[in-house]
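Asker: pasted the sequence and its predicted model underneath.
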Amino acid sequence: MSNRAVIEAHYAANEAGDLAGMLAPLSPDIVWTEATGSPLAGTYLGASSVAENVFGAIAREWDGFAVAIDELLDDGDTVMALGTYSGTFRATGRPFQARVVHIWRVRDGKAVRFEQVADTAEFLSAMAPL
């Protein structure tokens, strides 16, 4: 399986709402970094930490959270995804859309590093009290 196919499998599982499928391409010791300024900012170590602290938090706090990937760029061990997040923050009922870039590093058929670059102001606007 190509590195691009590894990342495509993650996004396909995401679209299907398949958490196990989303986690399958991740190395058990992945280093996952969410953008500074985002509601989930920080670095999470390991697939189980990502499942709990990223995907779990999204499921608890957002309705209809999705990422629409427009383009995948493959450069060997690095795959970049360009797209748009959308969803509605449950506590405020406000929707948002934000552009995003995901930078993936793949080794031996598993994603070993992930970095998110996002328009975090859009997240925070949807989350701000009325």
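Answerer: Perfect, I can see it now.
Asker: after the helix or strand in which Ala57 is found, which helix or strand is next? Please name it.
Answerer: For Ala57, the element it lies in under DSSP states H and E is helix 56-61. Counting by DSSP H and E, the element after helix 56-61 in chain order, helix or strand, is strand 62-75.
Asker: centre of the chain to that next one, how far?
Answerer: Distance, stretch centre to chain centre, for strand 62-75: 8 Å (Cα atoms, centre = their mean, to the nearest Å).
Asker: likewise stretch 31-39?
Answerer: On Cα atoms, centre = their mean, the centre of stretch 31-39 falls 9 Å from the chain's centre.
Asker: now swap in stretch 57-75 and tell me
Answerer: Stretch 57-75 has its C-alpha centroid displaced from the chain centroid by 5 Å (Cα atoms, centre = their mean).
Asker: can you check stretch 56-66 too?
Answerer: Using Cα atoms, centre = their mean, the offset of stretch 56-66 from its chain centre is 11 Å.
Asker: quote the end-to-end distance of that stretch.
Answerer: Length of stretch 56-66, first residue to last, Cα to Cα, to the nearest Å: 14 Å.
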